[in-house]
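Asks: Kindly generate the corresponding structure for this input.
(one chain, ligands or ions: 1)
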Amino acid sequence: MSIKSKVIVIGGGIGGLSTAALLLKEGYEVELLEKNEILGGRARKFEDKGFVFDMGPSWYMMPEVFEEVFKSLGYKISDLYNLVRLPVNYKVFFDNNRTYTIYSDLEKNLETFEKTERGAGEKLKNYLNRTKLLYEITMKDLILMDYKNIKLEKFLKLFNLLPNINLSGSFHSVISKQFNNEDLQKILEFATVFLGGSPYNTPAFYTIINYADFNLGIWYPMGGMHKIVEALSKIAQDLGVSIVTSEEVQKINIDKNKKTANIVSTLKKDYKADYVVVNADYAYAEMNLLEKDFQTYDENYWRKRTMSPSALIIYLGVNKKINNLEHHNLYFNDTWKESFDFIFKNPRWPSNPSYYIHMPSKTDPSMAPEEGESLMILVPVAPGLQDTEEIRNNLAEKIIKHLENLIGEDISNHVVVKRIFSHSNFASDYNAYKGTALGLAHTLGQTAIFRPKNKSKKVKNLFYVGQYTNPGIGVPITMLSSKIVTNLLTKNGL
Ligand SMILES: Cc1cc2nc3c(=O)[nH]c(=O)nc-3n(C[C@H](O)[C@H](O)[C@H](O)COP(=O)(O)OP(=O)(O)OC[C@H]3O[C@@H](n4cnc5c(N)ncnc54)[C@H](O)[C@@H]3O)c2cc1C
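Replies: Below you'll find the predicted structure:
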């Protein structure tokens, strides 16, 4: 290319940063505009009084995907951060003092399943072998598809190639057919929350996530998940991406004759573009940055979609060591199905929710001062709820008290940092539709060919990257989204 085509990337989340770097490597001139002061989007971090908090993602799964994307950029993970495999995947608490520990050692987990339900150890082994096959086919043949040209029949044919795998029905239907014990069912089913759904509305296909958890393991970059953002930002900048922070895009202007996006406007400046890649929330961008005639998915479309939950997140810095928690911890209440109804069927604030506790200082002393712990407590809640100060504070208080009873340790009297984040913060910080944490849930009707496309149908040079589009939600998956967009854009040939 003698005169380089110019790409404007709107948003500096994981998707925007990785696309910007990949496109620059392909020879484009790339400028990235991010509304916030710092990069990373939902994967931002904050620090206070020596405590460090990853604000969003905390589970580093599917390490081979990170390896692959960084390899495309010319790097090895070991050049970028120190990645360790956690010896304990997570600890699960139930009511009445029942706890389970899931280890990186599969044999130990098979024993736990066997001890809990006769025959469940062997069943888990067989189940994971089947999900392994499905996982491998997905990663090899399906995940990088752009679904633009593929016919439904071809897609279904691929699925038919899979012998002995139950792909019909929900995640829960597959699990409950094999395991009777409800604790074991919940241990296998909670991962649907990573996909923005519930065991009842997530298709059976996604049982591959159990293989990712039990077999591929849970990993951690020393220094925190933000190391991924730091690595991507540095690579992008070293390659020559121009990054402008505190620059919120207001409009994508379209040349109406050519049906191409030609100028991206912020309050400060107009940026000329040959291509535009949107990493900002898809719903927001279509409804707010484009005129109606150029929206592929209008307000009516988004109103009817199943959005993934929002979250009430409590970041706590405490000046004591907590003995009874592991790095990742989960509490599951006894009203499992009803809890998901609170999110998806009859949206309202929960009174006794299940929740997740991240305590990275267990593994990484740099995350908290000596003799302290940094905690993130996350409660998934329905999107679109009103989150007044009173509601947020009352629920946070209740959860902290509950956690103290659950682990038998005093927390309240040791809090030195406390911050609460929920719907209104997701909306104001990321322009998140209904304050969703994860974008579009992976229901059957919102998966693969049914997910909003990586390329606009109305504007020839407009692309979308990130968790709303293909392949979907999660840090590694969003990085793969950037590979799809890079492929599409380089082949676009306007
Ligand atoms: C609480 C929480 C926990 C999670 N846990 C995990 C986990 O454990 N493991 C995992 O793999 N994934 C996890 N995820 C999911 C993962 O973080 C996301 O899927 C991924 O980070 C999404 O990246 P993205 O690039 O699509 O979007 P975002 O991170 O949202 O990036 C979009 C960017 O666009 C910017 N933007 C918006 N509007 C504009 C505008 N008008 N102009 C300029 N910029 C704009 C935003 O500020 C943002 O920086 C979690 C997410 C959350 C919220």
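Asks: check contacts around whichever residue of the stretch 151-300 of the chain sits closest to the ligand.
Replies: Of all residues in the stretch 151-300 of the chain, residue 280 sits closest to the ligand, at 3.2 Å by C-beta to the nearest ligand atom. (C-beta placed from N, C-alpha, C; glycine too.) Residue 280 makes contact with 10-11, 35, 249, 289, 430-431 under the criterion C-beta atoms under 8 Å, 6 or more residues apart in numbering.
Asks: Can you read off the pLDDT for it?
Replies: pLDDT recorded at residue 280 is 98.
Asks: Endpoints of stretch 370-384, how far apart?
Replies: Its start and end residues considered, stretch 370-384 measures 39 Å (C-alpha to C-alpha, to the nearest Å).
Asks: Check the average confidence over that stretch, would you?
Replies: Computed over stretch 370-384, the average pLDDT equals 98.
Asks: picking that back up, any chance of the contacts of residue 280 in JSON lines, with secondary structure, neighbour count and distance to residue 71 too?
Replies: JSON lines is the format used below for the contacts of residue 280 (DSSP: H, G, I helix; E, B strand; the rest coil; neighbours: other C-beta atoms under 10 Å; distance: C-beta to C-beta, whole Å):
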{"residue": "10", "secondary structure": "strand", "neighbour count": "26", "distance to residue 71": "26"}
{"residue": "11", "secondary structure": "coil", "neighbour count": "29", "distance to residue 71": "24"}
{"residue": "35", "secondary structure": "coil", "neighbour count": "18", "distance to residue 71": "30"}
{"residue": "249", "secondary structure": "strand", "neighbour count": "23", "distance to residue 71": "31"}
{"residue": "289", "secondary structure": "helix", "neighbour count": "23", "distance to residue 71": "33"}
{"residue": "430", "secondary structure": "helix", "neighbour count": "23", "distance to residue 71": "29"}
{"residue": "431", "secondary structure": "coil", "neighbour count": "19", "distance to residue 71": "32"}
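Asks: and which of these is nearest to the ligand?
Replies: After measuring these against the ligand - C-beta to the nearest ligand atom - the closest member comes out as residue 11, at 2.5 Å.
Asks: With adjacent residues omitted, what lies nearest to residue 289?
Replies: residue 252 (4.8 Å; C-beta to C-beta, 6 or more residues apart in numbering).
Asks: Okay, and the one you found sits in which element?
Replies: Per DSSP states H and E: residue 252 is located in strand 249-255.
Asks: Residues in contact with that strand: which ones?
Replies: The contact list for strand 249-255 (C-beta under 8 Å, 6+ apart) reads 10, 33, 35, 260-267, 270, 276, 278, 280, 285, 289-291, 294, 459, 462.
Asks: just the buried members of these?
Replies: 10, 33, 35, 260-261, 263-264, 266, 276, 278, 280, 285, 289-290, 294, 459, 462 (16 or more other C-beta atoms under 10 Å).
Asks: Residue 291 is in contact with residue 459, correct?
Replies: No. Assessed by C-beta atoms under 8 Å, residue 459 is found out of contact with residue 291, at 10.2 Å.
Asks: which bits of the protein sit near the ligand?
Replies: Remark: the part of the chain in contact with the ligand comprises 10-16, 33-36, 41-43, 56-59, 248-249, 279-280, 311, 313, 378, 430-431, 437-438, 466-467, 473-475, 478, using C-beta under 6 Å from any ligand atom.
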